[in-house]
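K.L.:
sharing a sequence plus its predicted fold:
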Amino acid sequence: MKKNKALAVPFVLWAVLFIAVPLAMVVWYGVTVEETPAYVEVAGDNGQTLFQLEDGTVTAERPQKRTVISLANFRRMLEPTYLKLLLRSLKIALFTTIICLLLGYPAALIMADREIKLGKKQSGDKFVAKCAALGINEIPSASASDSDKATRQDVAVILYKSLRYIENQGIYAYTEFDNGLDKYIDKKDISPAAEEAMSFMEALGLIKGKTATTICPKEICSIEQAIDVAEKCTHAHQLGWYQERAWGEGIGRNVSGNVYTGPDEGYSTFQTYAPGERVWVTGPRIGGMWEFLPIVDRYTGKTVYVKAEWYTPVRKHVFTSKKTVKTIEFKDYWDGTYMWTN
């Protein structure tokens, strides 16, 4: 509960600064005016100028403007000039509202009626049919527990099936991967229906083990954790195997110092991968102009960086801007040796 309240803090601060404070300022300026007290100048005994106020008070200092509570601003609204402006504003607001209704209501009806395209064999409840189209009509723990909370493997299945649905629609393609679940002692707790999803999520680092030997598939997944995994899934198509370009392929490559310890050319290690070598990318593009890819160094296991322009994602196929499938042919240009350059 405390974590959920903490999520509301940014919105509360934003609402206070940009809604409550401006409204309070409008109210304040609406019920206050600045005015200078009426006075007359009188001559003092020694010839200096004095100022006599309406209440008879005499002072040597000229009266200054002061802020007082007043309804004068509201009375001014009834003057012909301001009343005309008010009526014009209300008229414009009315026309704007009518135009928004005429444009927005039909658009909302059209959007509300849009549905995921379903196969001819799918029928019955629309929600069930949509789940079937996405492939998430069977959640591993749905029948094994009366709890309404999702487990880690539930979240993995839902997101994995959604990614595959996106792939089938010709939008993104995802990398091949090896099943790395054997290193977890609680692999037996993973439902057969969730094993492929958990394997995919674990291989791409979207869901990580709780410890080096446990992945806890039946652990309840909090909303914050589910949001974190879902956000990572938005760049899942950028993760996985990439292959070094050949000389002259595409825009070509520069063989000098193309492995870096940081996402900047100033962190060069003077190492290079040979054309045709493959690397495992662990995250989306980063650095200036998003030009660097984080990869796993095969010898140290540490994260290093390479320039994205020198690498091509290894996928069974890719999709063009016209949603047509383009097959990529990958070649082993060299024997995959790890070169050092001077």
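P.N.:
Cool, got the structure.
K.L.:
only C-alpha atoms for contact and neighbour calcs from this point on.
P.N.:
Noted.
K.L.:
mean pLDDT per helix and strand in this structure: which one sits at the bottom?
P.N.:
Taking mean pLDDT, DSSP states H and E as the measure, the helix or strand of the chain with the lowest value is strand 338-340, at a mean of 32.
K.L.:
ok, Gln243 to Pro284 distance?
P.N.:
When distance is defined by CA to CA, to the nearest Å, Gln243 is 16 Å away from Pro284.
K.L.:
pick out whichever of these two has more residues nearby.
P.N.:
Taking other CA atoms under 10 Å, Gln243 and Pro284 do not tie; Gln243 has more neighbours (21 against 17).
K.L.:
can you report phi and psi for the spatially closest residue to Tyr242 that is not a sequence neighbour?
P.N.:
Closest residue to Tyr242 apart from its sequence neighbours, by CA to CA, 6 or more residues apart in numbering: Pro313 at 4.2 Å. Backbone torsions of Pro313, given as degrees, to the nearest 10, read phi -60, psi 140.
K.L.:
quick check: the gap between Pro313 and Leu103.
P.N.:
From Pro313 to Leu103 the distance is 43 Å (CA to CA).
K.L.:
and these two? Which one has more around it.
P.N.:
Taking other CA under 10 Å, Pro313 and Leu103 do not tie; Pro313 has more neighbours (24 against 11).
K.L.:
residues in contact with that one?
P.N.:
Counting by CA atoms under 8 Å, 6 or more residues apart in numbering, Pro313 touches Gln238, Gly240, Trp241, Tyr242, Gln243.
K.L.:
run the last query once more with 10 Å
P.N.:
Counting by CA atoms under 10 Å, 6 or more residues apart in numbering, Pro313 touches 173-175, 237-244, 278-281, 328.
K.L.:
just the residues you listed now: which is nearest Val157?
P.N.:
Tyr174 (15.6 Å; CA to CA).
K.L.:
so how far is Arg152 from the closest one?
P.N.:
21 Å.
K.L.:
could you do Gly205 as well?
P.N.:
14 Å.
K.L.:
mutual contacts of those two, please.
P.N.:
With CA under 10 Å, 6+ apart, Gly205 and Arg152 have common neighbours Val229.
K.L.:
looking at those two, which one has more neighbours?
P.N.:
Between Gly205 and Arg152, counted using other CA under 10 Å, Arg152 has the larger neighbour count: 22 against 18.
K.L.:
hmm, Val31 and Asn73 touching each other?
P.N.:
Yes: contact status for Asn73 versus Val31: in contact at 7.0 Å, counting by CA atoms under 10 Å.
K.L.:
residues contacting the most centrally placed residue in the chain?
P.N.:
Nearest to the mean C-alpha position of the chain, by CA atoms, centre = their mean, lies Glu231 at 7.0 Å. Residues near Glu231 by CA under 10 Å, 6+ apart: Leu206, Gln225.
K.L.:
give the buried residues for the helix or strand harbouring Gly104.
P.N.:
Gly104 is part of helix 80-113 when elements are defined by DSSP states H and E. By neighbour count with 16 or more other CA atoms under 10 Å, helix 80-113 contains no buried residues.
K.L.:
quick check: the residue lying closest to Leu163 once chain neighbours are set aside vs Ala38, distance?
P.N.:
Spatial nearest neighbour of Leu163, chain neighbours left out: Cys233 (7.9 Å); criterion: CA to CA, 6+ apart. Distance, Cys233 to Ala38, using CA to CA: 71 Å.
K.L.:
show me which of those two is the more surrounded one.
P.N.:
The neighbour comparison of Cys233 against Ala38 (other CA under 10 Å) goes to Cys233, with 21 against 11.
K.L.:
show the model's pLDDT score for the more buried one.
P.N.:
pLDDT for Cys233: 92.
K.L.:
what sits against it?
P.N.:
Contacts of Cys233 (CA under 10 Å, 6+ apart): Leu159, Tyr160, Ser162, Leu163, Met201, Leu204, Gly205, Leu206, Ile207, Ile227, Leu239.
K.L.:
greatest separation within these: which pair is it?
P.N.:
Farthest pair in the contacts of Cys233 (CA to CA) is Ile227 and Leu239. Separation: 18.6 Å.
K.L.:
settle it for me: which of those two has more neighbours?
P.N.:
Ranked by neighbour count (other CA under 10 Å), Ile227 and Leu239 place Leu239 first, with 25 against 13.
K.L.:
quick one: the more buried one from Val296, how far?
P.N.:
With CA to CA as the criterion, Leu239 and Val296 are 12 Å apart.
K.L.:
list residues touching both of these two?
P.N.:
Shared contacts of Leu239 and Val296, counting by CA under 10 Å, 6+ apart, come down to Trp280, Val281, Thr282.
K.L.:
three-state assignment of the first one?
P.N.:
Put simply, Trp280 is strand when judged by DSSP: H, G, I helix; E, B strand; the rest coil.
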